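Chemist: return a 3D structure for these sequence lines:
(one chain, ligands or ions: 2)
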Amino acid sequence: MNTTAETRPFEAEVAQVLKLVTHSLYSHKEIFLRELVSNASDACDKLRFEAIANPELMAGDSDLHIDISWDKAARTISVRDNGIGMSRDEVVANIGTIASSGTRRFLEAMSGEQKADARLIGQFGVGFYSAFVVADRVTVLSRRADAQASEGVKWESDGQGEYSLSTLELAGRGTTVILHLKADEDEFLSRWQLRSMITRYSDHVAFPIRLPQEKDDQPTDEWETVNAASALWTKPKSEISDEDYKAFYKSLGHDFNDPLAWTHNRVEGSQSFTTLLYLPAQPPFDLLMGGRDERKGLKLYIKRVFIMDAAEDMLPNYLRFVRGVVDADDLPLNVSREILQHNRQLERIKAACVKRVLDLIEKLATDEPEKFATFYKAFGNTLKEGISEDANHRERIAKLLRFASTKAEGAAQATSFDDYIGRMPLGQDTIWYITADSYAAALGSPQLEAFKAKGVEVLLMYDRIDEWMLGSLQEYAGKKLRNVAKGELPLDEADKKKREEASKQAEPLLKKLKELLGERVAEVKVSVRLTDSPSCLALGDYEMAPHLARLLREAGQAMPESKPTLEVNPQHPLLQRLEAEPDEAKARDLAMLLLEQAEIAAGAPLADPAAFVQRLNRALLEA
Ligand code: ADP
Ligand code: MG
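Modeler: Numbering: from 1, shown residues only. Ligands and ions are numbered 1, 2, ... in the order given. The predicted model follows:
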């Protein structure tokens, strides 16, 4: 073991983080205390957890707590815990290096287009550095719970690029962080100020946070616990106010806004457990960042002992925005992640969590439409993943989905499948929809024309995930879901007859078009979808929508090339003009333009945009 005193440089990225933190947290300085208390609380959690297997770790000092004090003369604030502590190597690894992915994520998030709020610092695993927002020198004294008194470590830095490290004698286990305040930060040297910061940010930390009593402006030896220090979820609901619930949500450390809603339940029986689950009002930063791999936000406790962040084990992916706590009575305390993944009791708890969350969202949908709209805006697309991920709850999830519609004003996604079914005329057995890559593209699709003419409602779907989701949603409440652009439309007898006649009449026109377009199309047909437009694309029943195929191709996926089927409206003057056009070059221009405008409307890429522009200009000059 290395016991000598030494000075080491920070890694380059640490310096960057420090600079960013001190700048961007300038107007929220007080959060440094929250971060240090949260680290102290984590250290107590870790000790309690390790002590399950190794009770000697707690011997002689089993009362875990966090003590905060101040010294006006020395101008310091100290935060001390009797938690797990750190060895010399751990000090170097945890606060001297920032090899963690969190650093990079933080730097990216703070400089990215969608800037993160620096107050979220704790989420990125760099909270400790917030100490340098108010301090120009930070000293850490630490002794690991399983180390000798002689194996204490002292770490010190002015946050400027280097830190020093030495070994010293420390009487008790745990960690003390001493902040030497910057010149103009004296406001923090007051019991009242410290106390109000603790109440504001750390009231629900599960360990006692203590401040010394004060006499003549000086701290005394008498300590007073100043936080609620209780596991909120273990109290009966009747004793918890909305304010308590909100404060506890914020103390979970992912969000400093109020939650949108919560559900708190205790299940008693052969297997007893408590769940307290929250819906945030905004997407957390990691959800936006596509953080599917690192999922935090749901803490697993066993009889009030924190075991681990277990969001992955307790909630399906499509509910990854849920935050909260699960406390199980009957799981073995020495569970590991591997055990968790194959635990039948846990399966039951997981099922209960899903049910509670879906109940809560349903309740919002029926009782609090405004809150539901907020929820849906933030997490609707995440929820849609559940359609394919969770077959057991497919119908329940589908019931919660909302779309724009040809029978509703504007782009607001407000129409449910049930609304649609409620408006269906007698005899309609299909829920019609169209997918596109924007509201305007969906609403303007030529494929909708016949539906509009007949007054049949069509749902407009234009979120990227929709097309993919619909692959797992063939029906709802016994009604088939169908894309208006795909396959054959069901026709009544009169329509069928009309179409046959039209096709027969148009035979020479169709033949001419096919010859002019050659290999570009698979087939040219008379359309029953069109009333106003001259042409549109029709997709096979299982063919992917062109706008989606384009996206996937752009994302580097190999997509099979498929030739489109072109549908035309022989009544349209352009087609009549084509039929009568004797000049072959002009006729080919016109035919190509009919195909190209259908492709554009469907969001498909043009094979040769320059040639298209030339054709268009020739046609314009002609006109
Ligand atoms: P995070 O808490 O998200 O891991 P921090 O920057 O706040 O990130 O802390 C970095 C690491 O330093 C912690 O993960 C922990 O290993 C260590 N650490 C910080 N404070 C303490 C403490 N009071 N006791 C033990 N370890 C600590
Ligand atoms: Mg921390």
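
Chemist: spell out which parts of this structure neighbour ligand 1.
Modeler: With Cβ under 6 Å from any ligand atom as the criterion, the chain meets ligand 1 at residues 35, 39-40, 42-43, 81, 83-86, 94-95, 125-128, 175. C-beta here means a position set from N, CA and C on the backbone, and glycine is covered the same way.

Chemist: looking at the residues you listed, which are in strands?
Modeler: Those of those mapping onto strands are 81, 175, per DSSP state E.

Chemist: of the residues of the chain next to ligand 1, which belong to helices?
Modeler: Among those, the members found in helices (DSSP state H) are 35, 39, 40, 42, 43.

Chemist: quick one, strands of the stretch 151-300 of the chain?
Modeler: In the stretch 151-300 of the chain, the strands defined using DSSP state E, counting those that start in this stretch lie at 152-157, 162-168, 174-181, 209-215, 218-225, 261-267, 273-279, 298-302.

Chemist: run the chain-centre distance for the fifth one.
Modeler: Distance, stretch centre to chain centre, for strand 218-225: 43 Å (Cα atoms, centre = their mean, to the nearest Å).

Chemist: from here on, count from 246
Modeler: All set: I'll call the first residue 246, so the last point we hit is now strand 463-470.

Chemist: that strand pairs with which strands, and in what direction?
Modeler: Strand 463-470 pairs in its sheet with strand 454-460 (antiparallel), by DSSP bridges.

Chemist: give me the buried positions along the partner strand.
Modeler: 454, 455, 456, 457, 459 (16 or more other Cβ atoms under 10 Å).

Chemist: so which of those residues is the closest to ligand 1?
Modeler: residue 454 (13.0 Å; Cβ to the nearest ligand atom).

Chemist: pLDDT at that closest one, what is it?
Modeler: With respect to pLDDT, residue 454 has a value of 97.

Chemist: before we move on, what about residue 521?
Modeler: 97.

Chemist: just give the nearest non-adjacent residue to it, would you?
Modeler: residue 478 (4.2 Å; Cβ to Cβ, 6 or more residues apart in numbering).

Chemist: ok, now residue 593?
Modeler: residue 516 (6.2 Å).

Chemist: that neighbour: neighbour count?
Modeler: 16 (other Cβ atoms under 10 Å).

Chemist: how about low-confidence regions in the stretch 246-395 of the chain?
Modeler: 246-248, 343-347, 358-359 (pLDDT under 70).

Chemist: how about the helices in it?
Modeler: Here the stretch 246-395 of the chain has its helices, by DSSP state H, counting those that start in this stretch, at 257-269, 276-298, 333-336, 346-356, 376-379.

Chemist: now the fourth one against helix 257-269, angle please.
Modeler: This points to helix 346-356. Between the axes of helix 346-356 and helix 257-269, defined by axes from the mean of the first three to the mean of the last three Cα atoms, to 10 degrees, the angle is 40 degrees.

Chemist: for ligand 2, tell me whether helix 346-356 is touching it.
Modeler: No: Helix 346-356 does not reach ligand 2 (Cβ under 5 Å from the ion); its nearest approach is 9.7 Å.

Chemist: residue of the chain nearest ligand 2, please.
Modeler: residue 372 (3.5 Å; Cβ to the ion).

Chemist: identify the residues contacting that residue.
Modeler: Contact analysis of residue 372 by Cβ atoms under 8 Å, 6 or more residues apart in numbering lists 280, 281, 283, 284, 366.

Chemist: buried deepest among the strands of the stretch 396-545 of the chain, which one?
Modeler: Comparing the strands of the stretch 396-545 of the chain by mean neighbour count (mean count of other Cβ atoms under 10 Å), strand 518-524 ranks first with a mean of 24.

Chemist: what sits up against that strand?
Modeler: Strand 518-524 is contacted by residues 477-479, 493-494, 497, 504-512, 543, 566-575, 594, 597-598, 601-602, 605-606, 609, 620, 624 when judged by Cβ under 8 Å, 6+ apart.
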